[in-house]
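>>> Return a 3D structure for these sequence lines:
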Amino acid sequence: MTHGENVAYQSHLLEAVHPDSTFRADCEKISQTSNKFLDDLSLNRGVFDALKSVDVSNADSATQYFMMRTLRDFRRAGVDKDEPTRKEIAGNLRGSRQDGPGLRPEHPHRTRGRLRSCG
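Residues are numbered from 1 along each chain as shown. Here you go, the predicted model:
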């Protein structure tokens, strides 16, 4: 999950700051794809159940903490809800991603084309 989040974060950053509009458009597509992957993963009950079944009681504290946070994040996403609720959550997430810039702050989209340098 961490690698997927890194892809999403970096592509989103480049989508917002890169001076080349073609590159920004490519980054936007990558950002959307990686966010969809992360959304789908966070609602995947099979992955959640597999992680939950791992016994980390004898593991070091860092591993226990990582597992506790990972399972917590899955629950926050709604993975422990029933199937119809998870489908509704997934639909809402996809809908918000497809709505595009309307749900994001307008500032980065208004200023992108005008930025020439940071100095």
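>>> Now do the most centrally placed residue in the chain against residue 4, distance only.
Taking Cα atoms, centre = their mean, the centroid of the chain lies closest to residue 35, which sits 4.0 Å from it. In this view, residue 35 and residue 4 are 9 Å apart by Cβ to Cβ, to the nearest Å. For every residue, glycine as well, the C-beta is placed using N, CA and C.
>>> Ok, residue 15 next?
Distance from residue 15 to residue 4, by Cβ to Cβ: 16 Å.
>>> can you check residue 72 too?
18 Å.
>>> average pLDDT for whichever strand or helix holds residue 32?
Assigned by DSSP states H and E, residue 32 belongs to helix 21-42. Averaged over helix 21-42, pLDDT sits at 91.
>>> Show me what that helix is packed against.
helix 2-17, helix 61-77, helix 83-99 (3 or more Cβ pairs under 8 Å, 6 or more residues apart in numbering; DSSP states H and E).
>>> So which of those is the most surrounded?
Stretch with highest mean neighbour count among the helices and strands packed on helix 21-42: helix 2-17 (a mean of 15; mean count of other Cβ atoms under 10 Å).
>>> what's the angle between that one and helix 21-42?
Put simply, helix 2-17 runs at 150 degrees to helix 21-42, going by axes from the mean of the first three to the mean of the last three Cα atoms, to 10 degrees.
>>> Who are the packing partners of helix 2-17?
The helices and strands touching helix 2-17, judged by 3+ Cβ pairs under 8 Å, 6+ apart, are helix 21-42.
>>> tell me which residues of whatever helix or strand comes next after the helix it packs on are tucked away?
As assigned by DSSP H and E, the chain's next helix or strand after helix 21-42 is helix 45-52. When burial is assessed from 16 or more other Cβ atoms under 10 Å, helix 45-52 yields the following buried residues: 47-48.
>>> again with stretch 25-44
Those would be 27-28, 30-32, 34-35, 38-39, 42-43, for stretch 25-44 by 16+ other Cβ under 10 Å.
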